[in-house]
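Peer 1: Sharing a sequence plus its predicted fold:
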Amino acid sequence: MVYGLRYYFRHIGDNHRAINLPSLKGDTKLPVILNRSELKELFRAPTLLKHRIVLTLIYSAGLRGQEVINLKQSDIDFERKTIHIRQSKYKKDRIVPLSEYMSRGLQKYLSIEHPHIWLFNGKEVDGRYSVRGLSWVMRVALKKTGIKKKVCLHSLRHSYATHLLEEGVDIVTLKELLGHSDVSTTMIYLHVARCAISQAHSPLDTLYKDAL
């Protein structure tokens with residue numbers, strides 16, 4: 001009810017009344033992460049190359065479902081190894097790295113499928129895939145695996161973020177890669193990532209490490 005009223009007041013231009021409504025705190029749940037063995041099993045599961053490629057791409061670049069369906073072929077720069085994500089959440093553009101392994105997979109997919117304009121064509125009116133279709137691909141693939149975790153399409157993005165943290169990417173860089181507007185949103189992954197703990201030391205020892 002509070003969210004409904006908040007939307008209504010903003011819709012009619014009465015922002016002051018919307019702001020004065022009480023804030024609601026939902027249950028804080030940690031994201032469910034797929035480990036590396038589970039990801040490999042998942043990516044092998046689909047029969048169609050297109051389905052294998054789209055699931056792998058989501059994980060490889062930490063994409064949201066809406067970002068995937070909005071990708072055009074021109075957004076993939078194979079020479080510079082980048083993916084240009086345009087006007088995503090918060091109306092922001094960002095560029096993320098294109099994996100060398102993913103680059104080879106995408107080139108194979110394009111040479112076989114020959115999609116038109118969009119990277120992944122579907123049954124939408126404008127020729128795009130739908131997020132609902134992507135979720136279906138994920139569900140069908142999961143059924144072919146032995147994965148028992150309660151995961152969804154967005155779990156691939158969660159896994160991407162967690163694995164990058166575990167591999168040493170700092171939280172600020174990760175925030176930019178994910179396209180978050182606030183670093184506090186990104187920090188939830190610190191609770192699930194298994195990062196190596198550095199031993200406490202004095203920076204003076206590293207300043208003069210050659211003299212020790």
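Peer 2: Cool, the structure landed.

Peer 1: Past the helix-or-strand element of the chain with minimal mean pLDDT, which element shows up next along the chain?
Peer 2: Taking mean pLDDT, DSSP states H and E as the measure, the chain has helix 15-19 as its least confident helix or strand, at a mean of 70. Sequence-wise, the next helix or strand beyond helix 15-19 is helix 36-44, with elements assigned using DSSP states H and E.

Peer 1: Let me know the average pLDDT across that next one.
Peer 2: Average pLDDT, helix 36-44: 97.

Peer 1: And whatever helix or strand comes next after that helix, what does it pack against?
Peer 2: Heading C-terminal from helix 36-44, the first helix or strand you meet, by DSSP H and E, is helix 49-61. Other elements packing on helix 49-61 under the criterion 3 or more Cβ pairs under 8 Å, 6 or more residues apart in numbering; DSSP states H and E are helix 36-44, helix 65-69, helix 100-113, helix 131-143, helix 155-166. (C-beta placed from N, C-alpha, C; glycine too.)

Peer 1: Now do the contacts for Pro115.
Peer 2: Under the criterion of Cβ atoms under 8 Å, 6 or more residues apart in numbering, the contact partners of Pro115 comprise 73, 121.

Peer 1: That one and His191: what is the separation?
Peer 2: With distances defined as Cβ to Cβ, to the nearest Å, the gap from Pro115 to His191 amounts to 38 Å.

Peer 1: cool, Tyr7 as well?
Peer 2: Tyr7 sits 30 Å away from His191 when distances are taken as Cβ to Cβ.
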